[in-house]
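Engineer: take this sequence and fold it.
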Amino acid sequence: MKKHLVIIALAFAMGLFLTSCNQPKLEGTWVEPAAEGSFLGEVGFTLLENGKVENINTGFREYQTWKRVGDKLILTGEEKGYEVKSFVDTNNIISLEDSLLVIGQDGYSVTYHRK
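Structural biologist: Numbers count the residues shown, from 1 in each chain. Predicted coordinates for the structure are as follows:
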């Protein structure tokens, strides 16, 4: 009986491992079209493997670091306006596919496309 439980537990663990291997990675460049009439073009960011962020036309709000905690994408950065202020954005990962990322918080969501 114990042998069967061990085999079942190993099969379950292997299934979880294989499932997690097939999930798309967050690392990469994610962009959204700029608002109509904007001169900026695409807006977004590149999430680097080392936890750093490269900004793409984000204006005065610059992301610096990122991490994933479960189904959350946590972005930290600075707002560089009249005063420099640090911020932390904790976003729900609503959808993550190879070429699509939807994140949101408080009923608002943003759709990014992988570039």
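
Engineer: where in the protein is pLDDT low?
Structural biologist: 1-21 (pLDDT under 70).

Engineer: now do 50
Structural biologist: 5-6, 16, 18-19 (pLDDT under 50).

Engineer: in it, which strand is the longest?
Structural biologist: Criterion DSSP state E: the longest strand present in the chain is strand 84-96.

Engineer: mind giving me the packing neighbours of it?
Structural biologist: strand 61-69, strand 72-80, strand 100-105 (3 or more CB pairs under 8 Å, 6 or more residues apart in numbering; DSSP states H and E). No exception for glycine: its C-beta is placed from N, CA and C like everyone else's.

Engineer: what's in contact with stretch 38-56?
Structural biologist: For stretch 38-56, contacts defined as CB atoms under 8 Å, 6 or more residues apart in numbering pick out 26-34, 57-59, 62-67, 75, 77, 112, 115.

Engineer: again, only using 7 Å
Structural biologist: Applying CB atoms under 7 Å, 6 or more residues apart in numbering, the contact partners of stretch 38-56 are 26-34, 57-58, 62-67, 75, 112.

Engineer: gap between the two ends of it?
Structural biologist: The straight-line separation of the ends of stretch 38-56 (CA to CA, to the nearest Å) is 14 Å.

Engineer: also stretch 52-70?
Structural biologist: End-to-end for stretch 52-70, by CA to CA: 18 Å.

Engineer: for it, the distance to its chain's centre please.
Structural biologist: 10 Å (CA atoms, centre = their mean, to the nearest Å).

Engineer: buried stuff in that stretch?
Structural biologist: 53, 56, 62-63, 66 (16 or more other CB atoms under 10 Å).

Engineer: kindly state the beta-bridge partners for the nearest residue in space to residue 32 that is not next to it in sequence.
Structural biologist: Nearest in space to residue 32, with sequence neighbours left out and distances taken as CB to CB, 6 or more residues apart in numbering, is residue 112 at 5.3 Å. Note on residue 112: beta-bridge partners residue 101, judged by DSSP bridges.

Engineer: ok, residue 112 touching residue 33?
Structural biologist: No: judged on CB atoms under 7 Å, residue 112 makes no contact with residue 33 at a distance of 10.1 Å.

Engineer: the two: which is more packed in?
Structural biologist: residue 112 (19 against 13; other CB atoms under 10 Å).
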